[in-house]
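Participant: Show me how the following folds:
(chains A and B)
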Amino acid sequence: MLLCGAMTASLLAGCGSSTGSTGTSASSSSASASTSASAVESTSAADTGSDSTEAVTSTSTEAVSSTSGSTDNVVVKAVENKDQFKGEELSILVSAGWMDNRYDATIQRFEDTYGVTVDVQTIPADQYSDILQSDLANGTCPDIFWIQSNPVGAIESNIGNPEEYCIDFTGADWQNVMPESRQASCISNGKLYGLQIWHNSPEYVMVYNKSLFKELGITDVPTTYDALKEDLKKIKDSGVETPWFMPGADGWQEQLAFFQIGGVYTEDNPNLYDDLNNNKATFADNKKMLEVLNEFKELSDDGYFGEDWVGTDSTNLENEFADRTTAMAMANSSFIKQIQDDTGTKDEFGMFLIPLGDNTWYPTNPAGPTMFGYKGTEHEDLVKAFFQFVCTPESLQEILDNSPQYTNLDVNVDIEQHWLPEEKEFMATVDKSKMGVPVLQTGTKYTNDYWMDFGSDMISFCQGDISANDVLKNMDANRAEDAKAAGDSAWS
Amino acid sequence: MSPEGFAGLPQAALFIETKHLSDRSGGRITWLADPNILYKTYSDYKIEEATMNKNKIYPRWFVILPLIIYLVFFLFPSALGVFYSFTDWSRMTSKNGLHFVGLQNYIDLFTSNKNYMAGFWNTIKFTLISNIVKIIPAFFLAILLNSRLKGKKFYRTVFYLPSILPFVIIGIVFSSIFSYNTGLMNKTLSAIGLGFLKQRWLSDPNMVWKSIFSVDAWRGIGYIMTIFLAGLNTIDDSLYEAAEIDGAGFWKKLQYVTLPMMRGPIMINLVFGITYGLKVFDIIYVLTNGGPGHKTEVITTYVFQLYGTGQYGLSTALNTILLAITAVIGVIIVKVMSRKGELA
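Facilitator: Alright, predicted model coming up:
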C-alpha cells in the first residue's frame, strides 16, 4: 500500500507539478517599439516617419501620430452609477512585472469609488503561463487575466478559443485609447477582447556607458559586427571584466540578441515573415540567422560576455554598470535612469542598435502585456467598469506617474509623458525607414512561445552540444508542433 | 527454515535469530540453543503467530473510506492521465475538439527534435547517484550519532534541519552561493588561496550535476539519517556485546549485526529514494531549470515545459512513461522485499 501510494503520488506529483514552463520572454516585458518614432515626433519634431508601404509601417506611422497628440485625444469617462457594484470583489491574475505597483493607486481609487475590493494575484513570470492555462482549463480563472499579446495570433496561441474564455468588448468606449497597432494585439476574429496599455520606449537595444567609451577613445558607437568586436576587444583590454553583460541565468535574455534584430533577416527576403507565417520558409538554413548565431558564439568564446555568462543573472546589472565592470548590455532606455538613480554614478549613458549581423533595424514591437475579461466571471459589469476606469485620462496619468521605469504610455490620450533626453538622442539616430519590420518574435507566429527553449538551445550551441542550424531546426519543429495543435492549415 | 538451517550459522547471526524469536514468544527460548530445539520452538512460534493473526480481524467496512479517497484522488486521476495521453489534448482543444490519436504522442516523444531520451537517462542517473551519495553517508552518520558521541542530539538536529527547508529557498540560497563572480563558494576558495579551484558550479556542463548532487545530499542526508537512527535504536545493545565477546570488530559487527538488523530501514530509504529520484523536479528546477542548455533536463522538467506550452496530451504521455517506469521498479522492490519479509 505504501508503495502504491508512493507510486501514485509520484504520478500525481508529476501531473500536479506539470504546470508549467516556458513563460517569460522578451516580449513579456517588452513594449511597443513600433511607435518609438513618436518619441522623436513629439519631442524633436523630426521627420514624420516612414514612407514604407508595408503594413507594419502604417502601424508605426499611426502610432506616431497617436502619441504625438496631433490626432485623436480620446477621453473615456468612468462608469457613473457608483453604487451598483457595492460589496463585490474583483480578482485579477497577472504575471509579475506587468502591473506591479503602477496600478496600486488606480485600483485604490477604483475600490473607493465603487465600494468594491480588488484582489490582485501576481504570479512569478516563469509560472504564469501554466497557472493561467490551468485556470482557464479548470474554469477557475479570476475575473480579469493578462497575457503577453501580439498582432500575430498571440490571443489564439495563449488562450485557445477567445470566444469561450474572453468577454467581448467590441464597441467599448476605450478601444481607441489604444493606437491601432496595439488594437491588433487585442482583437481576434474582428472582436475586441483585450486592453493593452503599455509604453513605447526603445526596448532591448544596447545601453552603453558613454563616459567609458569616450575615455577609451571610442567615439562612434558600433554599427557593424566587426566594429562591435573591435570595440569589445578595446574594452576588455582596458580591464573591464565583462564588456557586454549577458545574463544567461535569467533564461530569457540571450535570445534578445537574435530576435530583436528581426528586420535584418528580411533584407535578403522581404517576404520572410509572411513565408514563415505560411510555412513557406524555415529558420533552419537561413544564412543571416546562422551568421548571427555564429557571431554570438564567437563573442561568447572570446569571453566578451564575461567568464560565466551562462551562470550569471541580471540582479547585479546596475552595479556592474556603475562599477564599470561592464560597458554595455541589452536593456530598455528607462534602465539608464535606474542606473543613475539607484547607484548615483556620474557616468553618462547612451543607446545604440544591436549590431549583430550588421543590423541597422530598429526593434519595433507592437506587443505587450494585455488585460482580458474572463467570460465565466460573475462580475462582468464590474470587469467592464474596471477596464473603462483604467482608460480615463486620470488613471492613465496615474499609471505612468507610478511607473518610474517607464517614460511614456502609448495611448491616444493627452497625458504628460516623461521622455528621457537619451531616448530623444537615440531616436534621432535611427533610420525611420528601418522601423517598419517588427521584431522576429512578434512578427512571426508560434515563435514567442518557444522563447525559453530557443535560449536553452543557444546555450547548448555555445557550449558545443549542438550546431547553430540545430538551434534553428528546433525552433522550426516547435513552431510546427504549435501550428499543428492550432489546426493551422499552412502546416497540415 | 529447517533445523539444519539453524546449524552452522555464526554465533552472532544465530543469536539474532533466536533473540528475535525469544522476544516474540515471551522469552521461552534462550540464545545459543540446540538447533533442533530451536526449530521446535520456531514451529511453535509460527503456529502461535498464525493464531494471533486470526484473532486480529477488523470489520471490512473500515477500508471503505480510505479506498474511496484512494480511488478518487489517486487512481482515477492517474487513469484519466493515461487516457489523455492517447489524445491530442492541447490548449487549442476548446477550439478544435479532443481527438483520439492512438500512440502518436508516444511516437512523437521518441522521434521529437527534443531529446526526451536524454531526460530519461538523466532521471535514471539522478535516481542512482543521488541515492548512493545520500544513503551511504547517512548510514554511517547515523551510526556515528548513535554512538556515545558528546552533543549528538545537537548534531542530529543540525543534520536534520536542511530537510525541512523548502526547495525554493534552497534554490535561491545555493544559486547565490554557487555564483561564479559573487558566490560564497568561489569567494571563499579565493580567500583561502585556492582560487585555482574556482568553478562555474551551475553553468559548466562538467560540474553542474556534481553541484546538484551536493545540494541534494546536503538537503536529504539528515532525513535518511533519521530513519536509520530509528532503526539503530531498535537494535539491542546485548547483540553488540555478544558479538564483541566473539571478538567482532567494527566491520564484523556492522556486517553481522547492524546490516542484518537494518534491512528494513535500508529498504524503506531505498524505496523513498528511488521514488524521489524518478520524480525529481524541484531541486533541478530551482537550481538549473534543466540547464545549462538542456544538460540537466529530466523527465519532469520536460513534462513541465510541455504542459506550459499547452501540449497537454504529449505532457501526459511523458508522465505516463514515468508512471510505467516507477511502477515497474516499484513492483520489483515489492517482490524483493516481500520475499525477504521486509514488508510483513
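Participant: When you work out contacts or count neighbours from here on, use the C-alpha atoms and nothing else.
Facilitator: Will do.
Participant: What is the end-to-end distance of stretch A:201-218?
Facilitator: With CA to CA, to the nearest Å as the measure, the first residue of stretch A:201-218 is 26 Å from its last.
Participant: doesn't B:Leu229 make contact with B:Asn146?
Facilitator: Yes - here B:Asn146 lies in contact with B:Leu229, judged by CA atoms under 8 Å, at a distance of 6.7 Å.
Participant: between these two, who's got more neighbours?
Facilitator: Neighbours per residue (other CA atoms under 10 Å in any protein chain shown) separate B:Asn146 from B:Leu229, with B:Leu229 holding more: 22 against 17.
Participant: Domains in the chain, by residue range?
Facilitator: With no chain named, the answer covers chain A. If you go by automatic domain parsing, the domain ranges for chain A are A:23-201+A:366-419, A:205-361+A:446-491.
Participant: try again with chain B
Facilitator: Domain ranges of chain B: B:3-55, B:116-296, per automatic domain parsing.
Participant: A:Ala284 is nearest to which of the ones you listed?
Facilitator: A:Ala284 lies closest to domain B:116-296 among the domains of chain B, at 18.8 Å (CA to CA).
Participant: Can you classify residue 171 by secondary structure?
Facilitator: Unless you meant another one, I'm taking chain A. coil (DSSP: H, G, I helix; E, B strand; the rest coil).
Participant: other chain: chain B
Facilitator: Looking at B:Gly171 with three-state DSSP, the answer is helix.
Participant: Would you mind confirming that it makes contact with B:Phe281?
Facilitator: No - in this structure, B:Gly171 is not within contact of B:Phe281 by CA under 8 Å, at 11.9 Å.
Participant: need the strands for the stretch 301-450 of chain A, in chain order.
Facilitator: A:326-331, A:349-352, A:368-373 (DSSP state E, counting those that start in this stretch).
Participant: Of all those, which one is nearest chain B?
Facilitator: Closest of these to chain B is strand A:326-331, at 13.0 Å (criterion: CA to the nearest CA).
Participant: Just the buried positions in stretch B:161-171, please.
Facilitator: For stretch B:161-171, burial by neighbour count (16 or more other CA atoms under 10 Å in any protein chain shown) applies to B:Pro162, B:Ser163, B:Phe167, B:Ile170, B:Gly171.
Participant: Would you mind giving me the confidence score for the second one?
Facilitator: I take that to be B:Ser163. pLDDT for B:Ser163: 92.
Participant: so which helix or strand takes in the nearest residue to it once chain neighbours are set aside?
Facilitator: Nearest-residue entry for B:Ser163: B:Arg219, 4.9 Å, with adjacent residues in sequence omitted and distances by CA to CA, 6 or more residues apart in numbering or on different chains. According to DSSP states H and E, B:Arg219 maps onto helix B:208-233.
Participant: For that helix, buried residues please.
Facilitator: B:208-209, B:211-213, B:215-229, B:231-232.
Participant: still on that earlier bit, and of the buried residues of stretch B:161-171, the nearest to A:Met351?
Facilitator: Nearest to A:Met351 among these, with distances taken as CA to CA, is B:Gly171, at 34.7 Å.
Participant: Quickly note the distance from the closest one to chain A.
Facilitator: To chain A, B:Gly171 is 13 Å away according to CA to the nearest CA, to the nearest Å.
Participant: What of B:Phe73?
Facilitator: 9 Å.
Participant: That residue should be in a strand, yeah?
Facilitator: No - counting by three-state DSSP, B:Phe73 is not part of a strand but helix.
Participant: Any idea how many residues pack against it?
Facilitator: Other residues near B:Phe73 come to 14 when the count uses other CA under 10 Å.
Participant: Could you do A:Leu272 as well?
Facilitator: The number of residues packed near A:Leu272 is 21, by other CA under 10 Å.
Participant: ok, it - contacts?
Facilitator: When contacts are counted by CA atoms under 8 Å, 6 or more residues apart in numbering or on different chains, A:Leu272 touches A:Tyr265, A:Thr266, A:Ala281.
Participant: ok, it to A:Lys236 distance?
Facilitator: According to CA to CA, A:Leu272 and A:Lys236 sit 37 Å apart.
Participant: how many neighbours does the residue lying closest to B:Arg200 once chain neighbours are set aside have?
Facilitator: Nearest residue to B:Arg200 in three dimensions, chain neighbours excluded: B:Tyr180, at 5.5 Å (CA to CA, 6+ apart). Neighbour count for B:Tyr180, taken as other CA under 10 Å: 24.
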